[in-house]
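K.L.:
A predicted structure for the sequence below; I have some questions about it.
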Amino acid sequence: MAKSIFFELTPHKDFDFAQFIVDYSNAQPLDLSGCKLLHISDPILYLKADFIEYIVKHGFTNYHQMQLILEDLTTPSTPPEKIESLLLRYLSNIGIDEELIIIDPYFFPARIEDSYPEMISRIIQEFASTLVNLRIVTAKHGKAFSIQTKSIVEHEIRHACPAITISHTTSNFLHDRFWISNKRKKGVVTGTSLNGLGKKYSIVDFLKDEDVEAIVSDFSKQNLV
């Protein structure tokens, strides 16, 4: 994944901020003449004084309880490419090692868009250098599961990562969607299935470590992972 680059823009006196946003949103050339542009090499150090000031004013507990900084909201207007990059960012942050567990009842649904198998293979391919075992847990039957979709998706994954081993188990007692790795210690939760992100209002967030432990323990007892 490409590394983000941060800048501080200091506009000139007559800078039209509204027009700047319009041009940026429509991918039009941006007029930054007269503006000062400063490259921020380390955003954490750059914002250190603001962070300290906030803690002094509000207390650390208040900062710790700001849950919105830990999650992202996807909406029906979120484009597919942003969904993909968002999930990749979360997965990169949990640390994908040789195993990735995907628990998603609708991971192999009966109806999919043509781009769905390719999106999955691109996500998995990002971690091809370390990933050996991909474990997928889905629903057993009905609209949630299609053997044809399973075949198509697994074909795309193996094409992108020929050495990967894919195992698939099923259960009809699934609801939430989890992606777990880092020696089964870290995870991500999504409010809807991968094929549903960007179609409904849904969050993507990190799982608490104790929740990951509970999920892994329960699914292991059922021989699902």
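P.N.:
Received it, and whenever you're ready, just let me know what you need.

K.L.:
domain parsing for this protein?
P.N.:
The domain map for the chain lists 6-64, 67-221, with the assignment taken from automatic domain parsing.

K.L.:
mean pLDDT for the ones you listed: which is lowest?
P.N.:
For the domains of the chain, mean pLDDT drops lowest on domain 6-64, to a mean of 77.

K.L.:
next one: that domain to chain centre, how far?
P.N.:
Its chain's C-alpha centre lies 24 Å from the corresponding centre of domain 6-64 when counted by CA atoms, centre = their mean, to the nearest Å.

K.L.:
Then stretch 187-196?
P.N.:
For stretch 187-196, the distance from its own C-alpha centre to the chain's C-alpha centre is 8 Å (CA atoms, centre = their mean).

K.L.:
Name the surrounding residues that touch it.
P.N.:
The set of residues that contact stretch 187-196 without belonging to it, under CB atoms under 8 Å, 6 or more residues apart in numbering, is 87, 90-91, 94, 104-107, 109, 112-113, 116, 119-120, 176-181, 197, 199-207, 211-212, 215. C-beta here means a position set from N, CA and C on the backbone, and glycine is covered the same way.

K.L.:
so of those, which ones are in strands?
P.N.:
With strands identified by DSSP state E, the entries of these that belong to them are Arg177, Phe178, Trp179, Ile180, Ser181, Ser202, Ile203, Val204, Asp205, Phe206.

K.L.:
what about the second one, neighbour count?
P.N.:
What it means is Phe178. When neighbours are counted by other CB atoms under 10 Å, Phe178 registers 20.

K.L.:
now the last one
P.N.:
Neighbourhood size, Phe206 [other CB under 10 Å]: 16.

K.L.:
Asp218 is in what secondary structure piece?
P.N.:
For Asp218, the element it lies in under DSSP states H and E is helix 209-221.

K.L.:
tell me which residues in that helix are buried?
P.N.:
Val212, Ile215, Val216, Phe219 (16 or more other CB atoms under 10 Å).

K.L.:
how close does His39 get to Asn195?
P.N.:
Applying CB to CB, to the nearest Å, one obtains 39 Å for the distance of His39 from Asn195.
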